[in-house]
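Enquirer: Sequence first, predicted coordinates after that:
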Amino acid sequence: MNARDGRGGASAPGAEVRVVLVDDQELVRSGLRRILRKRDGFDIVAECGDGAEVPDALASAGDVDVVVMDLRMREIDGITATRALAAEPDAPPVLVLTTFDDDEMLSGALRAGAAGFLLKDSSAEDLIRAVRAVAAGDSWLDPAVTGRVLNSYRQSAPVSHASGDVREILTARELEVLCAMAGGRSNAEIAEDLFISELTVKSHIGRIFTKLDLRDRPAAIVYAYDNGLVHPA
């Protein structure tokens, strides 16, 4: 099973989401702090002005549920910092937050191990939903650019997967879960739609990754698009 899908902590009802902010602009970090407020269930446990500061920040912050990461920074950029973080065992998931809808950069962030991305001109409500989703083990792909980014992701990093008809490889329920993931549904939403528990959803996702030889949620989404299970809006 992908490590993110097995995360607990922040996915529990009422649990506080512990966040590390990484952005080289203090004004941006200040704006994020105003949105991700403690009274709404968030705790900003550390802030970094560059990707180079992330390892020390995480070491001193203790348990962290999600890292909100800018892409363009002076010393170590967000892609490099995300790749280094993803290589560490039990590292928190990364949500990339950027002003640039650069398809190659965003697909590069996914290849580096980011759990999702959100453009900075998104609404405060979407930011809150995205941070909570990633902290709970889900992905978040900004719908404004998802189609283009996944196409770039596919071209530069072909998805390795099991051969054969997906309908013969997966059970009917696993197929439902895969389509729901590709449609942008969170684990909690999938559980509600299918009248099953989130734990059962995570088990299905783990089996989907294993059976289809997929490494993560973005790869599963690309697989679903490539095999005609879902279609771009």
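Expert: That came through fine. Residues are numbered from 1 along each chain as shown.

Enquirer: could you check the distance from residue 106 over to residue 139?
Expert: 13 Å (Cβ to Cβ, to the nearest Å). No exception for glycine: its C-beta is placed from N, CA and C like everyone else's.

Enquirer: neighbour-wise, which of those two wins?
Expert: Neighbours were counted for residue 106 and for residue 139 using other Cβ atoms under 10 Å; residue 106 has more, 29 against 26.

Enquirer: Nearest residue to the more buried one in space, please, no chain neighbours.
Expert: Closest residue to residue 106 apart from its sequence neighbours, by Cβ to Cβ, 6 or more residues apart in numbering: residue 149 at 4.6 Å.

Enquirer: residue contacts, the one you found?
Expert: Taking Cβ atoms under 8 Å, 6 or more residues apart in numbering, we find residue 149 in contact with 103, 106-107, 110, 117, 141.

Enquirer: Narrow those residues to those in strands?
Expert: Within these, residues falling in strands by DSSP state E are 117, 141.

Enquirer: Just name the closest of the contacts of residue 149 to residue 36, please.
Expert: Among those, residue 117 lies closest to residue 36 (Cβ to Cβ), at 16.9 Å.

Enquirer: For the protein, just list every one of the helices.
Expert: For the chain, the helices defined by DSSP state H occupy 26-35, 54-61, 78-86, 103-112, 124-135, 146-156, 166-169, 172-182, 187-194, 198-212, 217-226.

Enquirer: could you check the angle helix 78-86 makes with the second one?
Expert: Read that as helix 54-61. Angle of helix 54-61 versus helix 78-86, following axes from the mean of the first three to the mean of the last three Cα atoms, to 10 degrees, is 50 degrees.

Enquirer: Flag every buried residue along helix 54-61.
Expert: 54, 57-58, 61 (16 or more other Cβ atoms under 10 Å).

Enquirer: now swap in the fourth one and tell me
Expert: Counting neighbours by 16+ other Cβ under 10 Å, one finds that the buried residues in helix 103-112 are 103, 105-112.
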